[in-house]
Structure formats: C-alpha cells, structure tokens
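[1] Attaching a predicted model along with its sequence, questions to come.
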Amino acid sequence: MKCSCHWDQVPQCISRSLQLSPRARLLWIVLASYMNIDGVAWPSPKTVQKVLRCGRAAREKAETELLKKGLLKLEHPRDAKGRWGRRDYIVIYPKLHPPDTTSAQKKSSG
C-alpha cells in the first residue's frame with residue numbers, strides 16, 4: 001500500500017486514556033488532524049462519520065463524551081445573512097503535566 005499521508009502527534013493522555021471510549025478517542029484524534037493553528041476544525045458531520053465508520057447517533061455520543069470531559073467545544077457560527085453556517089469543532093488539548101519524579105527520587109536515594 002502506497003501512503004502519501006501526513007503525521008500527527010497524539011498526546012498519550014488521549015491515546016492511552018481509559019476514561020474515554022475508543023470512539024471518543026478516535027474522534028478527538030480525527031478532529032485534531034483537521035484543525036487549523038487556532039485549534040478549530042470544520043469537517044462536516046458526514047465526513048466525520050465516514051472516517052469513524054459510524055452513524056449520527058454514535059458520532060453524537062462520542063462528541064458528547066468529549067464535551068463533558070472538556071476536550072471539545074462546538075460552535076455554530078452564522079453567515080452574513082444570519083443563517084446557520086458550518087459546525088466548528090474547537091479541539092481542546094489536555095493540560096499536560098510534567099512527570100512525577102518525586103517517587104523515583106525517593107527510590108534512588110533510599
């Protein structure tokens with residue numbers, strides 16, 4: 001298989017999270033791959049469903065899970081005529097904490 005793809009990096013707190021369902025993790029990764037430098041992505045819901053290989057209900061369930069965990073925000077901006085425009089996904093990167101080295105220091109000194 002020939003691959004002409006781009007690489008994305010995913011924080012381990014997302015890729016290895018046991019607090020997120022597999023579909024919610026994949027949704028976060030997919031949306032992060034579409035986002036611009038401001039963290040905004042706007043693929044259509046149908047595109048997201050196609051990539052996730054799921055239907056509307058499963059996509060919405062994964063979105064709700066990410067919204068509740070604070071890893072996603074949704075915005076629906078209006079166009080110049082006041083009509084609802086595209087759906088904007090605001091991808092929130094989790095706060096990354098430095099590794100806890102205190103237990104390692106205690107083991108090496110004691």
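    Perfect, thanks for sending it. Numbering: from 1, shown residues only.
[2] Now do the most centrally placed residue in the chain against residue 48, distance only.
    What sits nearest the mean C-alpha location of the chain, by CA atoms, centre = their mean, is residue 28, with 2.0 Å. Look at residue 28 and residue 48: by CB to CB, to the nearest Å, they are 11 Å apart. In this view, the C-beta of every residue, glycine as well, is placed from N, C-alpha and C.
[3] Tell me which other helices or strands the helix or strand that contains residue 58 touches.
    Per DSSP states H and E: residue 58 is located in helix 56-68. In terms of contacts (3 or more CB pairs under 8 Å, 6 or more residues apart in numbering; DSSP states H and E), helix 56-68 is packed against helix 22-34, helix 45-52, strand 72-75.
[4] How about residues contacting whatever helix or strand comes next after the shortest one?
    The one in question is strand 72-75. For strand 72-75, the succeeding helix or strand toward the C-terminus, using DSSP H and E, is strand 88-91. For strand 88-91, the external contacting residues (CB atoms under 8 Å, 6 or more residues apart in numbering) are 28, 31-32, 34-35, 39-43, 71-77.
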